[in-house]
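# Show me the folded form of this:
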Amino acid sequence: MRGHIGAALHLGMSREKIVEVIIQLAYYGGWPVANNGLRVAQEVFAELDGATGRDADHDQ
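So this is what the prediction gives:
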């Protein structure tokens, strides 16, 4: 999942769209799957923010 999220960001997909896609997983895989995906996405976003010095809450 981490690799797919990273690739999507690299290809220009916004974080918001990635979250929307993961939420759609709830319909097919159930909320536990979607919640796990959202947690992984949050971790990936935090890692990227830390690596770039970006603060996602303030830098847009």
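# quick one: Glu16 and Ile22, what's the gap?
11 Å (C-beta to C-beta, to the nearest Å). Where you see a C-beta, it was placed from the backbone N, CA and C, and this is true even at glycine.
# Compare neighbour counts for those two and give me the winner.
Higher neighbour count among Glu16 and Ile22: Ile22, with 21 against 8, using other C-beta atoms under 10 Å.
# so where does the spatially most central residue of the chain fall, helix or strand?
Central residue of the chain (C-alpha atoms, centre = their mean): Ala41, 3.0 Å from the mean position. Counting by DSSP states H and E, the element that carries Ala41 is helix 31-52.
# low-scoring stretches of the protein, by residue?
54-60 (pLDDT under 70).
# redo that, cut-off 50
58-60 (pLDDT under 50).
# Touching, the residue nearest to the centre of the chain and Glu20? I think so.
No: in this structure Ala41 lies outside contact range of Glu20 using C-beta atoms under 8 Å: 10.8 Å.
# Quickly list what's touching both of these two.
Residues touching both Ala41 and Glu20 (C-beta atoms under 8 Å, 6 or more residues apart in numbering): there are none.
# Next, count neighbours for Leu25.
16.
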